[in-house]
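Asks: sequence unavailable; structure follows:
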(Lines give C-alpha, C1' and ligand atoms only; values in the text may rest on other atoms or scores of the structure.)
Protein backbone atom coordinates (compact mmCIF):
# COMPACT_ATOMS: atom_id res chain seq x y z
CA UNK A 1 0.00 0.00 0.00
CA UNK A 2 1.52 3.36 -1.04
CA UNK A 3 1.93 6.44 1.14
CA UNK A 4 -1.17 8.19 -0.24
CA UNK A 5 -3.38 5.24 0.64
CA UNK A 6 -1.80 5.00 4.10
CA UNK A 7 -2.43 8.71 4.60
CA UNK A 8 -6.08 8.37 3.58
CA UNK A 9 -6.38 5.32 5.81
CA UNK A 10 -5.06 7.28 8.78
CA UNK A 11 -7.49 10.11 8.05
CA UNK A 12 -10.35 7.64 7.82
CA UNK A 13 -9.33 5.96 11.09
CA UNK A 14 -9.24 9.29 12.90
CA UNK A 15 -12.62 10.31 11.48
CA UNK A 16 -14.13 6.95 12.40
CA UNK A 17 -12.79 7.18 15.95
CA UNK A 18 -14.09 10.72 16.29
CA UNK A 19 -17.50 9.60 15.04
CA UNK A 20 -17.72 6.75 17.54
CA UNK A 21 -16.93 9.11 20.41
CA UNK A 22 -19.45 11.71 19.36
CA UNK A 23 -23.07 11.94 18.30
CA UNK A 24 -22.26 12.04 14.61
CA UNK A 25 -25.18 10.61 12.59
CA UNK A 26 -24.65 7.05 11.35
CA UNK A 27 -25.21 8.21 7.78
CA UNK A 28 -22.14 10.42 7.91
CA UNK A 29 -20.00 7.54 9.19
CA UNK A 30 -21.38 5.27 6.45
CA UNK A 31 -20.59 7.89 3.81
CA UNK A 32 -17.05 8.14 5.18
CA UNK A 33 -16.57 4.36 5.00
CA UNK A 34 -17.82 4.05 1.43
CA UNK A 35 -16.01 7.19 0.36
CA UNK A 36 -12.73 5.87 1.69
CA UNK A 37 -13.28 2.45 0.13
CA UNK A 38 -14.05 4.00 -3.25
CA UNK A 39 -10.95 6.18 -3.07
CA UNK A 40 -8.73 3.21 -2.27
CA UNK A 41 -10.18 1.22 -5.17
CA UNK A 42 -9.63 4.11 -7.57
CA UNK A 43 -6.01 4.48 -6.49
CA UNK A 44 -5.38 0.76 -6.90
CA UNK A 45 -6.99 0.79 -10.35
CA UNK A 46 -4.97 3.81 -11.51
CA UNK A 47 -1.71 2.36 -10.22
CA UNK A 48 -2.39 -1.00 -11.86
CA UNK A 49 -3.38 0.49 -15.22
CA UNK A 50 -0.37 2.80 -15.21
CA UNK A 51 2.00 -0.09 -14.45
CA UNK A 52 0.41 -2.31 -17.09
CA UNK A 53 0.68 0.36 -19.79
CA UNK A 54 4.34 0.90 -18.92
CA UNK A 55 4.97 -2.85 -19.21
CA UNK A 56 3.28 -2.90 -22.63
CA UNK A 57 5.41 0.03 -23.80
CA UNK A 58 8.60 -1.67 -22.63
CA UNK A 59 7.71 -5.01 -24.24
CA UNK A 60 8.94 -6.14 -27.64
CA UNK A 61 6.24 -4.79 -30.01
CA UNK A 62 6.70 -7.80 -32.28
CA UNK A 63 5.56 -10.08 -29.48
CA UNK A 64 2.36 -8.16 -28.74
CA UNK A 65 -0.81 -9.40 -30.40
CA UNK A 66 -2.06 -5.89 -31.20
CA UNK A 67 -5.25 -7.08 -32.85
CA UNK A 68 -6.21 -9.01 -29.73
CA UNK A 69 -5.07 -6.18 -27.45
CA UNK A 70 -7.60 -3.87 -29.10
CA UNK A 71 -10.39 -6.44 -29.17
CA UNK A 72 -13.54 -6.68 -27.07
CA UNK A 73 -12.34 -10.05 -25.77
CA UNK A 74 -9.20 -8.49 -24.28
CA UNK A 75 -11.27 -5.65 -22.80
CA UNK A 76 -13.43 -8.25 -21.06
CA UNK A 77 -10.31 -9.95 -19.69
CA UNK A 78 -8.90 -6.61 -18.56
CA UNK A 79 -12.11 -5.74 -16.73
CA UNK A 80 -12.23 -9.19 -15.08
CA UNK A 81 -8.67 -8.74 -13.82
CA UNK A 82 -9.19 -5.13 -12.73
CA UNK A 83 -12.23 -5.84 -10.58
CA UNK A 84 -10.13 -8.36 -8.65
CA UNK A 85 -7.10 -6.07 -8.41
CA UNK A 86 -9.10 -3.29 -6.75
CA UNK A 87 -10.20 -5.73 -4.05
CA UNK A 88 -6.76 -6.78 -2.87
CA UNK A 89 -3.91 -4.98 -1.12
CA UNK A 90 -1.54 -7.89 -1.86
CA UNK A 91 1.32 -6.74 -4.06
CA UNK A 92 2.14 -10.34 -5.00
CA UNK A 93 -1.38 -10.89 -6.30
CA UNK A 94 -1.32 -7.59 -8.20
CA UNK A 95 1.95 -8.64 -9.86
CA UNK A 96 0.37 -12.00 -10.68
CA UNK A 97 -2.64 -10.38 -12.33
CA UNK A 98 -0.41 -8.03 -14.31
CA UNK A 99 1.55 -11.04 -15.57
CA UNK A 100 -1.68 -12.76 -16.58
CA UNK A 101 -2.72 -9.71 -18.62
CA UNK A 102 0.72 -9.44 -20.24
CA UNK A 103 0.46 -13.12 -21.18
CA UNK A 104 -2.96 -12.39 -22.63
CA UNK A 105 -1.48 -9.57 -24.73
CA UNK A 106 1.17 -11.84 -26.24
CA UNK A 107 -0.40 -15.31 -26.20
CA UNK A 108 -4.19 -15.05 -25.86
CA UNK A 109 -5.59 -17.87 -23.74
CA UNK A 110 -8.69 -19.54 -25.16
CA UNK A 111 -10.80 -21.24 -22.51
CA UNK A 112 -14.22 -21.23 -20.88
CA UNK A 113 -12.47 -21.39 -17.51
CA UNK A 114 -10.80 -17.97 -17.42
CA UNK A 115 -13.09 -16.64 -14.72
CA UNK A 116 -12.62 -19.78 -12.64
CA UNK A 117 -8.84 -19.50 -12.90
CA UNK A 118 -8.93 -15.78 -12.06
CA UNK A 119 -10.94 -16.59 -8.94
CA UNK A 120 -8.36 -19.16 -7.89
CA UNK A 121 -5.50 -16.73 -8.63
CA UNK A 122 -7.22 -14.28 -6.30
CA UNK A 123 -7.74 -16.82 -3.51
CA UNK A 124 -4.36 -18.55 -3.21
CA UNK A 125 -0.96 -17.11 -2.33
CA UNK A 126 2.51 -17.38 -3.85
CA UNK A 127 3.54 -20.12 -1.41
CA UNK A 128 0.73 -22.29 -2.69
CA UNK A 129 1.72 -21.59 -6.27
CA UNK A 130 5.26 -22.66 -5.35
CA UNK A 131 3.88 -25.95 -4.02
CA UNK A 132 1.74 -26.44 -7.10
CA UNK A 133 4.70 -25.77 -9.40
CA UNK A 134 6.74 -28.35 -7.50
CA UNK A 135 4.21 -31.07 -8.19
CA UNK A 136 3.95 -29.92 -11.80
CA UNK A 137 7.75 -30.08 -12.22
CA UNK A 138 8.06 -33.56 -10.71
CA UNK A 139 5.03 -34.94 -12.54
CA UNK A 140 6.99 -36.45 -15.44
CA UNK A 141 9.56 -37.99 -13.13
CA UNK A 142 7.39 -38.96 -10.18
CA UNK A 143 7.02 -42.55 -11.38
CA UNK A 144 10.76 -43.01 -10.83
CA UNK A 145 10.79 -41.47 -7.35
CA UNK A 146 11.31 -43.96 -4.55
CA UNK A 147 9.03 -44.71 -1.61
CA UNK A 148 10.55 -41.99 0.55
CA UNK A 149 9.04 -39.35 -1.71
CA UNK A 150 5.77 -40.30 -3.41
CA UNK A 151 4.73 -43.90 -2.87
CA UNK A 152 4.94 -44.23 0.89
CA UNK A 153 2.66 -46.88 2.35
CA UNK A 154 3.73 -47.33 5.97
CA UNK A 155 3.06 -44.86 8.77
CA UNK A 156 6.68 -44.20 9.76
CA UNK A 157 7.79 -43.68 6.17
CA UNK A 158 4.80 -41.47 5.47
CA UNK A 159 5.69 -39.21 8.39
CA UNK A 160 9.25 -38.91 7.09
CA UNK A 161 7.99 -38.15 3.60
CA UNK A 162 5.66 -35.43 4.87
CA UNK A 163 8.45 -33.70 6.79
CA UNK A 164 10.80 -34.08 3.83
CA UNK A 165 8.37 -32.46 1.44
CA UNK A 166 7.61 -29.58 3.82
CA UNK A 167 11.31 -28.93 4.46
CA UNK A 168 12.12 -29.20 0.76
CA UNK A 169 9.67 -26.41 -0.04
CA UNK A 170 10.67 -24.28 2.93
CA UNK A 171 7.59 -24.63 5.16
CA UNK A 172 6.96 -26.05 8.56
CA UNK A 173 4.77 -29.14 8.49
CA UNK A 174 1.59 -27.50 9.76
CA UNK A 175 1.69 -24.69 7.20
CA UNK A 176 2.48 -27.15 4.40
CA UNK A 177 -0.52 -29.27 5.40
CA UNK A 178 -2.75 -26.21 5.54
CA UNK A 179 -1.69 -25.13 2.06
CA UNK A 180 -2.03 -28.53 0.38
CA UNK A 181 -5.42 -29.14 1.99
CA UNK A 182 -6.62 -25.89 0.46
CA UNK A 183 -5.14 -26.81 -2.93
CA UNK A 184 -6.90 -30.17 -2.78
CA UNK A 185 -10.19 -28.47 -1.92
CA UNK A 186 -9.80 -26.36 -5.07
CA UNK A 187 -9.11 -29.48 -7.20
CA UNK A 188 -5.55 -28.38 -7.99
CA UNK A 189 -3.95 -31.35 -6.20
CA UNK A 190 -5.27 -34.82 -5.48
CA UNK A 191 -4.26 -37.58 -3.14
CA UNK A 192 -3.29 -40.93 -4.61
CA UNK A 193 -3.45 -44.39 -3.00
CA UNK A 194 -5.32 -43.17 0.11
CA UNK A 195 -7.52 -46.00 1.35
CA UNK A 196 -5.59 -48.62 -0.60
CA UNK A 197 -2.83 -48.99 1.96
CA UNK A 198 -4.06 -48.97 5.53
CA UNK A 199 -0.90 -47.44 6.99
CA UNK A 200 -0.66 -44.50 4.62
CA UNK A 201 -0.62 -41.07 6.23
CA UNK A 202 -2.92 -38.49 4.62
CA UNK A 203 -1.38 -35.86 2.34
CA UNK A 204 1.82 -37.79 1.63
CA UNK A 205 0.91 -39.14 -1.82
CA UNK A 206 -0.03 -36.02 -3.73
CA UNK A 207 -0.22 -35.33 -7.47
CA UNK A 208 -1.14 -32.29 -9.50
CA UNK A 209 -4.49 -32.62 -11.27
CA UNK A 210 -5.03 -31.87 -14.98
CA UNK A 211 -7.08 -28.92 -13.73
CA UNK A 212 -4.08 -27.75 -11.69
CA UNK A 213 -1.79 -28.06 -14.69
CA UNK A 214 -4.15 -26.00 -16.81
CA UNK A 215 -4.36 -23.35 -14.10
CA UNK A 216 -0.56 -23.02 -14.08
CA UNK A 217 -0.50 -22.79 -17.86
CA UNK A 218 -2.97 -19.93 -17.57
CA UNK A 219 -1.07 -17.88 -14.99
CA UNK A 220 2.37 -18.66 -16.44
CA UNK A 221 1.45 -18.05 -20.07
CA UNK A 222 2.35 -21.49 -21.37
CA UNK A 223 3.73 -21.32 -24.95
CA UNK A 224 1.41 -24.09 -26.09
CA UNK A 225 -1.63 -21.93 -25.46
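Replies: Arrived safely, thanks for sending. Predicted, not measured: the structure shown is a model, and the values here were computed from it.
Asks: domain assignment for the protein?
Replies: 3-123, 126-218 (automatic domain parsing).
Asks: from the ones you listed, which stretch is densest packed?
Replies: domain 126-218 (a mean of 16; mean count of other Cβ atoms under 10 Å). Where you see a C-beta, it was placed from the backbone N, CA and C, and this is true even at glycine.
Asks: hey, which helix or strand in this structure has the poorest pLDDT?
Replies: helix 3-20 (a mean of 56; mean pLDDT, DSSP states H and E).
Asks: which element follows it toward the C-terminus?
Replies: helix 26-58 (DSSP states H and E).
Asks: quick one: average confidence on that following helix?
Replies: Helix 26-58 carries an average pLDDT of 81.
Asks: which strands and helices lie in contact with the helix or strand that that helix is followed by?
Replies: Sequence-wise, the next helix or strand beyond helix 26-58 is helix 66-69, with elements assigned using DSSP H and E. Applying 3 or more Cβ pairs under 8 Å, 6 or more residues apart in numbering; DSSP states H and E, one finds that helix 66-69 contacts helix 91-106.
Asks: which helices and strands sit right next to the helix it packs on?
Replies: Short answer (3+ Cβ pairs under 8 Å, 6+ apart): helix 91-106 packs on helix 26-58, helix 66-69, helix 72-85, helix 114-123, helix 126-137, helix 210-220.
Asks: what's the angle between it and helix 126-137?
Replies: 50 degrees (axes from the mean of the first three to the mean of the last three Cα atoms, to 10 degrees).
Asks: lowest mean pLDDT across the domains of the chain, which one is that?
Replies: Looking at these, the bottom one is domain 126-218 with a mean of 75.
Asks: from one end of it to the other, what's the distance?
Replies: Its first and final residues considered, domain 126-218 spans 15 Å by Cα to Cα, to the nearest Å.
Asks: thinking again about what came up before, out of the helices and strands packed on helix 91-106, which gets nearest to residue 204?
Replies: Nearest to residue 204, of all these, is helix 126-137, at 12.7 Å by Cβ to Cβ.
Asks: residue 81 contacts residue 118, doesn't it?
Replies: Yes - between residue 81 and residue 118 there is a contact under Cβ atoms under 8 Å: 6.7 Å.
Asks: mutual contacts of the two, please.
Replies: 97, 100 (Cβ atoms under 8 Å, 6 or more residues apart in numbering).
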